[in-house]
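1. Got a predicted model here, sequence first, then my questions.
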Amino acid sequence: MYCANCGSELANDDRFCGNCGESVPSNVKPALSIPQKAITIPKLQLSKRAKVAAAGVVGVVGILAAIYAVAHYTYGPATPEKLEAKLQAAVEEQNVDKLVGYLSYDNEDLKSSEKIKAFKQAFKDETATEYKEAIKDALIAVQQSEQMSELGFDEQWGNGGTIVFIKESNWRGTKWSFKIEPSNVTFEQQPDWTVVTSLETLGGDTGTIRGIWPAVYEYQSEISNPYGGKQNIQGSVNLFHDPEETVNLESEVQNEVTFSIPVIKGVQFTLNGVDFPAMEEGQTRVTISPAPDELKLAVKGTVIGRTIDRTETLTGSEAEEISLSTLVSQAIAEDAVGVILKANVSWTKAVNAGLTSLLTDLEPDSSIMNLFSRNITEGGSEQKVHLERVAIDPTDIEISDDHIQVIAEEEYSYPGSTLSNNLSRNTYTIKKQQDQDRLWLSDVNYTYYWGKSLFEQKDVIIKINQDKPETGKEAAVSS
């Protein structure tokens, strides 16, 4: 039963409520007590396999949550200032691997092992200094861009410098990285060169090395040409400020030799067994660089009917410019001085005897034939003349397709008189006789000169008249 005052449950023999103290009426009958049956909820029974699967799901979710937390926490740097600090630290350590770690995905082509290896080799103090300044400039550019954005201008990151800071976002969050423009370097060379260049640990023989890290690189170029010339060139190139750099190897070659090459029909010149390059119209000189240590010069062909096959060997340091005309002129110099001697000897005999028929080795109806004939008087000259010798300078012969011009000096004596010997210097034109393998003189001009006689100079060809001088009596007999 229950207390009428507070409702607390009472025992059958209670006279007062133990809770509120109210007396319990004696005539109150105990309330019926209805027994309550407990309700039992059956437990879900999982199989062992299901329990393992459920535990796996919980574990995976936990792992993923942890990975995300770590990935999100480690993603960064979150600000350009933090990026600048990390990059400067990597540069200070000259730690290329750390630097590459902050490189943007846009520069995947710079992450090849070959390019990174060469970059590490080049990453010395000068390169580090360049990167420190560029990193500072990149941060300033970002900060200025953010200020302009706050003022309502379009948001731009970077200013197009060598290094540009960029903001990247994905499921991990936001981070800052840097982008850099790859460099190309071209080693300018001559068309006939073979060049093998190494740029630190990179190598190539195409003339251009592309898509590399900007840096101050050391290079070495091995140059060779078909004529046997070789030279190694070492230097450095700063690729940091100009993504397209050119190294002019021609200006670095110090050892070169220039050849003056005459254009003579039917004549070919070679250097160390290789033909000289064809010359353009109006071109008269060819420069070979690097110069070979030995210069074996050869000429083959035909000039005014004379077959020429001559070789001369020089060293590469003997002369800065070599005239190949000398090879030809020396090959025909003996013939030239011989025909001048014979023609002038015939003139002295014709003058002494007064007979134009004694003139030989002169082109008929030519200006020199007319000139020589005018000096001959009928009956001969009372004062006899004798040609002693003739001298020419083989390096002073001008060669054309069908003739040559040569300056010769003749010495004349006057037998039986007290007259001194006389020197005469003339420019002769020599041609090949028609239908014959012989030369003759076709023109002559007196040449004024000062200075030494050709007979006093070195390296001239002198031919002496072996005939004895004629007296007046001998001349009459011979006529």
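-> Happy to help now that I have it.
2. What residues sit buried inside stretch 95-113?
-> 96, 99-100, 102-104, 107, 110 (16 or more other CB atoms under 10 Å). Glycine gets a C-beta too; all of them are placed from N, C-alpha and C.
3. actually stretch 422-438, not the one I typed
-> By 16+ other CB under 10 Å, the buried positions in stretch 422-438 come out as 426, 428-433.
4. Dump those residues to TSV, plus pLDDT, distance to Pro277 and secondary structure.
-> Below are the buried residues of stretch 422-438 laid out as TSV (pLDDT from 0 to 100; distance: CB to CB, whole Å; DSSP: H, G, I helix; E, B strand; the rest coil):
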residue	pLDDT	distance to Pro277	secondary structure
Asn426	96	38	strand
Tyr428	97	34	strand
Thr429	97	31	strand
Ile430	96	30	strand
Lys431	94	31	strand
Lys432	92	30	strand
Gln433	89	36	coil
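5. where in the chain is pLDDT low?
-> Within the chain, the set of residues satisfying pLDDT under 70 comprises 1, 26-46, 50-76, 148-160, 170-172, 205, 317-319, 471-479.
6. hang on, the earlier thing: just flag the most distant two among the buried residues of stretch 95-113.
-> In those, the most distant members under the criterion CB to CB are Val96 and Ser104, with 16.0 Å between them.
7. so where does the closest residue to Gly207 other than its chain neighbours fall, helix or strand?
-> Leaving out its chain neighbours, the residue that sits closest to Gly207 by CB to CB, 6 or more residues apart in numbering is Phe187, at 5.5 Å. Assigned by DSSP states H and E, Phe187 belongs to strand 183-188.
8. I'd assumed Val339 was in a strand, is it?
-> No. The assignment for Val339 (DSSP: H, G, I helix; E, B strand; the rest coil) gives helix, which keeps it out of a strand.
9. need the contact list for it.
-> Going by CB atoms under 8 Å, 6 or more residues apart in numbering, Val339 touches 361, 430, 439-441.
10. Okay, domains of this protein per the record?
-> When the chain is parsed into structural domains using automatic domain parsing, the resulting residue ranges are 1-35, 80-180, 183-252, 257-321, 329-478.
11. Out of those domains, which is closest to Lys48?
-> When the domains of the chain are ranked by proximity to Lys48, the top entry is domain 80-180, at 36.1 Å, counting by CB to CB.
12. Does Ile340 touch Leu441 like I think?
-> Yes. Using CB atoms under 8 Å, Ile340 and Leu441 qualify as a contacting pair, with a distance of 6.9 Å.
13. which neighbours do these two share?
-> 428, 430.
14. Mind listing what's buried along the longest strand that the chain contains?
-> Counting residues, the longest strand in the chain under DSSP state E turns out to be strand 386-399. Neighbour counts using 16+ other CB under 10 Å place 386-387, 389-394, 396-397, 399 of strand 386-399 among the buried residues.
15. Can you name the secondary structure element that comes next after it?
-> Next in sequence after strand 386-399, counting helices and strands by DSSP H and E, comes strand 403-413.
16. Adjacent strands (with direction) for that following strand?
-> Using DSSP bridges, the strands paired with strand 403-413 in its sheet are strand 386-399 (antiparallel), strand 422-432 (antiparallel).
17. Identify all contacting residues around the shortest one.
-> Right, the one you point to is strand 422-432. With contacts defined as CB under 8 Å, 6+ apart, strand 422-432 is touched by 304-305, 336, 339-340, 363, 368, 402-414, 438-449, 453-455.
18. I'd like the domains of the chain written out as a markdown table, with distance to Arg49 added.
-> Supplementary listing: the domains of the chain in a markdown table, determined by distance: least, CB to CB, whole Å:
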| stretch | distance to Arg49 |
| --- | --- |
| domain 1-35 | 43 |
| domain 80-180 | 33 |
| domain 183-252 | 56 |
| domain 257-321 | 82 |
| domain 329-478 | 106 |
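19. To Ser47, which of those lies closest?
-> Shortest distance between Ser47 and the domains of the chain, using CB to CB, is found for domain 80-180: 36.0 Å.
20. circling back: list every C-alpha atom in the longest strand of the chain, with coordinates, as PDB.
-> The C-alpha atoms that make up strand 386-399 are tabulated as PDB, following Å, rounded to 0.1, in the frame of the first residue of the first chain:
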ATOM      1  CA  HIS A 386     124.400  42.000-124.700                       C
ATOM      2  CA  LEU A 387     121.800  40.600-122.200                       C
ATOM      3  CA  GLU A 388     123.700  39.400-119.100                       C
ATOM      4  CA  ARG A 389     120.900  38.100-116.900                       C
ATOM      5  CA  VAL A 390     117.200  38.300-116.000                       C
ATOM      6  CA  ALA A 391     115.600  38.200-112.500                       C
ATOM      7  CA  ILE A 392     112.000  37.800-111.500                       C
ATOM      8  CA  ASP A 393     110.200  37.600-108.100                       C
ATOM      9  CA  PRO A 394     108.100  34.400-108.200                       C
ATOM     10  CA  THR A 395     105.700  35.800-105.600                       C
ATOM     11  CA  ASP A 396     104.900  38.800-107.800                       C
ATOM     12  CA  ILE A 397     103.200  37.000-110.700                       C
ATOM     13  CA  GLU A 398      99.600  37.800-111.500                       C
ATOM     14  CA  ILE A 399      97.700  34.800-113.000                       C
END
